[in-house]
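> okay, predicted coordinates and the sequence, questions at the end:
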Amino acid sequence: MSETPNSMMSTPSGRTPGRTPRPGEVPVPGQPKAMVYICGECHQENEIRARDPIRCRECGCRIMYKKRTKRMVVFDAR
């Protein structure tokens, strides 16, 4: 009987032991997560995945800005 390494074993629920998902993380196998960027010229929203060319789909501009997060960001001022 061949043995499988500990990293390849999984629990009955299908999760790999030793790896806890981060809050809000949804694992999607085989599909890179798309980020939303805003074009610097025409201000259209574009979804860009990893390894995609950084270019607006509307006007072709290469200046893209990352869309602001919806989470509240708090800084301590001293």
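Structure received.
> ok, G60 to K33 distance?
Per Cβ to Cβ, to the nearest Å, G60 is found 24 Å from K33. In this view, the C-beta of every residue, glycine as well, is placed from N, C-alpha and C.
> what do you get for E58?
From E58 across to K33, the span is 22 Å (Cβ to Cβ).
> of those two, who's got more company?
Each of E58 and K33 has its neighbours counted (other Cβ atoms under 10 Å); E58 has more, 13 against 10.
> could you find the closest non-adjacent residue to the more buried one?
Of all residues not flanking E58 in the chain, Q44 sits nearest, at 4.6 Å (Cβ to Cβ, 6 or more residues apart in numbering).
> wait, isn't the one you found in contact with C61?
No: with contact defined as Cβ atoms under 8 Å, Q44 does not count as touching C61 (9.4 Å).
> spit out the contact partners of the residue nearest to E58.
By Cβ atoms under 8 Å, 6 or more residues apart in numbering, the residues touching Q44 are I38, C56, R57, E58, C59.
> can you pick the most crowded of those?
Neighbour-wise, the contacts of Q44 (other Cβ under 10 Å) top out at C56, 21 neighbours.
> I figured that residue was touching C42, is that so?
Yes: shown here, C56 and C42 form a contact pair, counting by Cβ under 8 Å, at 6.4 Å.
> show me where the protein has strands.
Secondary structure of the chain, counting by DSSP state E: strands at 35-39, 45-48, 64-66.
> now tabulate the ones you listed in JSON lines and tack on mean pLDDT and distance to M72.
Converted to JSON lines, those look like this (pLDDT from 0 to 100; distance: least, Cβ to Cβ, whole Å):
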{"stretch": "strand 35-39", "mean pLDDT": "95", "distance to M72": "18"}
{"stretch": "strand 45-48", "mean pLDDT": "94", "distance to M72": "22"}
{"stretch": "strand 64-66", "mean pLDDT": "95", "distance to M72": "17"}
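> could I get these as JSON lines with distance to V73?
Converted to JSON lines, the strands of the chain look like this (distance: least, Cβ to Cβ, whole Å):
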{"stretch": "strand 35-39", "distance to V73": "17"}
{"stretch": "strand 45-48", "distance to V73": "21"}
{"stretch": "strand 64-66", "distance to V73": "13"}
